[in-house]
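> Would you be able to build a 3D model of this:
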Amino acid sequence: MKTRSASLRVKLPLFVFVIEVVMVTLYAAFVTYDEQADARFQTNKTNPMDNAVYKDYPFFTDIQVMIFLGFGSLLAFFRLYGFGGMVFNFLTATFAIQWAILVQGYFQFSHDGKIHLGVINLINAEFACAVVLISFGAVLGKTSPLQLLVMALLEVPVFAVTEWAVLKYLKINDAGGSILIHLFACYFGLGVTFVLYRPCLNEGHAKENTSYQSDILALMGTLFLWVFWPSFNSALTLKGDDQHRAILHTFIGLSASTLTAFALSAMLNKNGKLTMADIQNVTLAGGVTVGASVDMMITPAAAYALGMMGCTACMLGYKYLSPFLARRFRIQDQCGIHNLHGLTGLISCAAGICAILMANEEVYGPSFYEIFAHRVPVEGDPKLQELQMLIPGLQPGLGRTAQEQALFQVAAVVSTIGVSAFGGILTGFLLKMPYLSPPSDDLCFDDQLFFEVPPDYDSPLRLKNIVTMNDSTD
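Modelled structure (predicted):
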């Protein structure tokens with residue numbers, strides 16, 4: 001059978017330039033500044049320090065570090081795929097953010113026919129980008145840059161519509177994005193990799209391994225993610241005590257999952273040694289597990305327990321579930337996103353539902369109705385007037401009970417998983433088009449297919465082969 005060329009000389013520039021022309025046109029037609037960035041809204045009475053940039057920009061920069069340095073370095077763990085992991089992350093992230101500004105802007109920041117752009121749009125767009133990069137982890141090393149760009153092109157709108165529908169109609173609590181970011185990204189990525197199944201890879205691949213240097217680089221990515229994860233979880237929470245709790249809970253959850261990961265890594269290794277893959281991935285589980293309840297009054301002890309639980313589930317998933325899914329269900333999850341984002345996301349959702357059911361005014365005080373805005377009494381309820389005396393500016397809510405809110409949380413989990421998996425499967429079929437230059441099985445996890453590589457890029461592998469050949473000769 002004739003094999004198509006994997007050269008990007010025509011295909012990548014053509015795709016990128018067409019996309020850029022479309023982007024410029026859409027930005028020119030529909031994007032303008034929001035009030036915080038528009039000079040026409042500033043007067044001699046305007047205090048520059050009240051500008052939203054001073055509240056939002058620190059979170060934006062922290063998330064930037066996570067997206068470009070954290071994810072990029074973490075995805076560079078393969079011995080011969082360091083360029084691909086970091087560079088394709090850079091390419092995909094940049095495009096996904098540009099595209100998300102438009103798509104999310106249409107649903108969330110659009111009025112008077114324009115998308116009003118501020119730093120808060122960029123933060124939301126980076127969350128959409130994180131969704132794409134998590135999904136990318138499922139197909140790492142098995143896709144071309146064209147396939148990744150098309151995946152981002154399709155995934156961002158599906159995510160934006162899901163996010164809009166869940167927040168507008170189901171009206172859930174999900175401050176850390178356990179449902180809308182981690183679960184969506186996980187099951188979308190699994191849907192894609194299910195369709196792109198490669199039977200030959202189930203037996204392992206000669207290039208599907210790491211090196212001393214690549215493991216150190218990936219660990220640096222882990223550290224970037226670990227350090228800045230509190231900003232990720234707290235960026236969109238209510239300012240004040242809610243955001244304060246989100247930072248505390250995230251740090252405690254991460255700390256607990258880190259200690260647990262070291263213990264489990266040694267315990268589950270038959271030689272009693274630490275495994276770098278465990279340290280690179282499982283230590284982060286606590287950041288996901290506290291997400292759905294991160295701004296609630298769950299107590300520091302609960303955050304610690306969630307970190308331990310998430311870490312344990314993630315570790316066992318890497319050890320036993322990932323190989324099982326590959327053998328039995330054609331799901332080759334290259335980076336184990338189902339363990340780090342799927343299993344921990346489900347635990348987080350369960351914890352969030354429990355926190356909602358146990359929440360009451362005695363624990364939260366009047367701010368109970370700020371955190372759980374959908375439980376505020378409806379217009380005309382006498383209790384609403386009492387609350388408005390305590391909390392000036394409080395708007396009428398939906399009057400939901402704790403049980404009703406919990407059911408809406410469950411509905412959001414089920415619908416998000418269903419939509420994301422279906423969207424991932426459809427995207428996978430489109431990515432199978434030969435025009436998108438998918439790598440052949442033997443050239444997976446290898447930079448030389450798409451990059452000009454230095455002569456010594458595979459020197460550790462060649463040295464190992466030479467040593468093996470000499471040993472066999474002797």
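> So in this protein, where's the weakest helix or strand by average pLDDT?
Least confident helix or strand of the chain, by mean pLDDT, DSSP states H and E, is helix 459-473 with a mean of 54.
> Which positions in the one helix or strand Gln409 maps to come out as buried?
Assigned by DSSP states H and E, Gln409 belongs to helix 402-431. Applying a neighbour-count criterion of 16 or more other CB atoms under 10 Å, one finds 402, 405-406, 408-409, 412-413, 415-417, 419-421, 423-425, 427-428, 431 buried in helix 402-431. Bear in mind the C-beta positions are built from the backbone N, C-alpha and C, glycine included.
> Which residue ranges of the stretch 301-450 of the chain form helices?
In the stretch 301-450 of the chain, the segments counted as helices under DSSP state H, counting those that start in this stretch are 322-329, 337, 344-358, 361-364, 368-371, 382-390, 402-431.
> And those helices: which comes nearest Gly287?
Nearest to Gly287, of all the helices of the stretch 301-450 of the chain, is helix 344-358, at 8.6 Å by CB to CB.
> Alpha carbons of the closest one, in PDB - could you do that?
C-alpha atoms of helix 344-358 as PDB (Å, rounded to 0.1, in the frame of the first residue of the first chain):
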ATOM      1  CA  THR A 344      -9.300  11.900  40.600                       C
ATOM      2  CA  GLY A 345     -11.900  14.000  39.000                       C
ATOM      3  CA  LEU A 346     -14.600  11.500  39.900                       C
ATOM      4  CA  ILE A 347     -13.400  11.400  43.500                       C
ATOM      5  CA  SER A 348     -13.400  15.200  43.500                       C
ATOM      6  CA  CYS A 349     -17.000  15.400  42.200                       C
ATOM      7  CA  ALA A 350     -18.200  12.900  44.900                       C
ATOM      8  CA  ALA A 351     -16.400  15.100  47.500                       C
ATOM      9  CA  GLY A 352     -18.000  18.200  46.100                       C
ATOM     10  CA  ILE A 353     -21.500  16.600  46.300                       C
ATOM     11  CA  CYS A 354     -20.900  15.600  49.900                       C
ATOM     12  CA  ALA A 355     -19.700  19.100  50.800                       C
ATOM     13  CA  ILE A 356     -22.900  20.600  49.200                       C
ATOM     14  CA  LEU A 357     -25.100  18.200  51.100                       C
ATOM     15  CA  MET A 358     -23.500  19.100  54.400                       C
END
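> in it, what counts as buried?
Quick answer for helix 344-358 (16+ other CB under 10 Å): 344-356.
> Tell me the one among those nearest to Val290.
If you rank the buried residues of helix 344-358 by distance to Val290 using CB to CB, Ser348 comes first, at 6.7 Å.
> quick one: contacts for that closest one?
Counting by CB atoms under 8 Å, 6 or more residues apart in numbering, Ser348 touches 176, 178, 182, 288-293, 306, 310.
> Provide the backbone phi and psi angles at Ser110.
When read as degrees, to the nearest 10, the backbone of Ser110 gives phi -110, psi 130.
> meant to ask about Tyr81, not that
phi -130, psi 30.
> Val31 now?
Recorded main-chain torsions at Val31 are phi -110, psi 130, according to degrees, to the nearest 10.
> quick revisit: among the buried residues of helix 344-358, which one sits closest to Ser144?
Nearest to Ser144 among the buried residues of helix 344-358, with distances taken as CB to CB, is Gly345, at 28.4 Å.
> For the closest one, which non-adjacent residue is closest in space?
Spatially, and ignoring its direct neighbours in sequence, Gly345 is nearest to His182 (3.9 Å; CB to CB, 6 or more residues apart in numbering).
> surely the one you found meets Val288?
Yes. Under the criterion of CB atoms under 8 Å, His182 makes contact with Val288 at 5.4 Å.
> Those two: which is more packed in?
Legend: neighbour count by other CB atoms under 10 Å for His182 and Val288, higher for Val288 (34 against 31).
> Figure out which of the helices of the stretch 301-450 of the chain is closest to Leu74.
Once the helices of the stretch 301-450 of the chain are compared by CB to CB, helix 337 is nearest, at 11.5 Å.
> what's next to that closest one, contact-wise?
Here helix 337 has contacts from 134-135, 137-138, 185-186, 189-190, using CB under 8 Å, 6+ apart.
> quick one: Phe251 from Val294, how far?
Distance from Phe251 to Val294, counting by CB to CB, to the nearest Å: 11 Å.
> ditto for Met309
15 Å.
> Helices of the stretch 1-150 of the chain, start to end?
Using DSSP H, counting those that start in this stretch, helices in the stretch 1-150 of the chain cover 11-30, 53-64, 72-74, 82-108, 119-136, 145-165.
> Which of those helices sits closest to Arg375?
The nearest among the helices of the stretch 1-150 of the chain, by CB to CB, is helix 145-165 at 20.8 Å.
> Next one: the nearest residue to Phe451 once chain neighbours are set aside from Val195, what distance?
In space, and not counting its chain neighbours, Phe451 is closest to Phe83: 4.8 Å by CB to CB, 6+ apart. Noted for Phe83: a distance of 26 Å to Val195, by CB to CB.
> quick one, what contacts the closest residue to Phe329 other than its chain neighbours?
Excluding the flanking residues, the one nearest Phe329 by CB to CB, 6+ apart is Phe194, at 7.5 Å. Phe194 is in contact with 329-331, 424-425, 428, counting by CB under 8 Å, 6+ apart.
> Closest one of the residues you listed to Gly72?
Closest to Gly72 out of these is Gly424 (22.4 Å), distances taken as CB to CB.
> shouldn't that closest one be in contact with Leu190?
Yes. Under the criterion of CB under 8 Å, Gly424 makes contact with Leu190 at 6.5 Å.
> on that earlier part again, in CSV, list the helices of the stretch 1-150 of the chain along with mean pLDDT, mean neighbour count and distance to Ala37.
Output for the helices of the stretch 1-150 of the chain, formatted as CSV (pLDDT from 0 to 100; neighbours: other CB atoms under 10 Å; distance: least, CB to CB, whole Å):
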stretch, mean pLDDT, mean neighbour count, distance to Ala37
helix 11-30, 97, 13, 14
helix 53-64, 96, 17, 8
helix 72-74, 97, 25, 28
helix 82-108, 97, 21, 13
helix 119-136, 98, 25, 8
helix 145-165, 98, 22, 22
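> Nearest to Phe224, out of these?
For Phe224, the closest of the helices of the stretch 1-150 of the chain is helix 72-74, at 6.6 Å, according to CB to CB.
> So which other helices or strands are in contact with that closest one?
Identification of packing neighbours for helix 72-74 by 3 or more CB pairs under 8 Å, 6 or more residues apart in numbering; DSSP states H and E yields helix 82-108, helix 212-234.
> The first one to helix 145-165, inter-axis angle?
If I follow you right, that is helix 82-108. 30 degrees (axes from the mean of the first three to the mean of the last three CA atoms, to 10 degrees).
> What is helix 82-108 packed up against?
Helices and strands touching helix 82-108, by 3+ CB pairs under 8 Å, 6+ apart, are helix 11-30, strand 31-33, helix 72-74, strand 114-117, helix 119-136, helix 145-165.
> Just the CA trace of the fifth one, in CSV.
Extracted C-alpha coordinates of helix 119-136, given in CSV (Å, rounded to 0.1, in the frame of the first residue of the first chain):
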residue,chain,number,x,y,z
VAL,A,119,-7.4,39.6,31.2
ILE,A,120,-10.3,37.5,32.6
ASN,A,121,-11.0,36.3,29.0
LEU,A,122,-7.4,35.1,28.8
ILE,A,123,-7.6,33.2,32.0
ASN,A,124,-10.8,31.4,30.7
ALA,A,125,-9.1,30.7,27.4
GLU,A,126,-6.1,29.2,29.2
PHE,A,127,-8.5,26.8,31.0
ALA,A,128,-9.8,25.8,27.6
CYS,A,129,-6.2,25.4,26.5
ALA,A,130,-5.5,23.2,29.5
VAL,A,131,-8.4,20.9,28.4
VAL,A,132,-6.8,20.4,25.0
LEU,A,133,-3.3,19.8,26.5
ILE,A,134,-4.7,17.2,28.9
SER,A,135,-6.4,15.4,26.0
PHE,A,136,-3.1,15.7,24.0
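> Many thanks, we can stop here.
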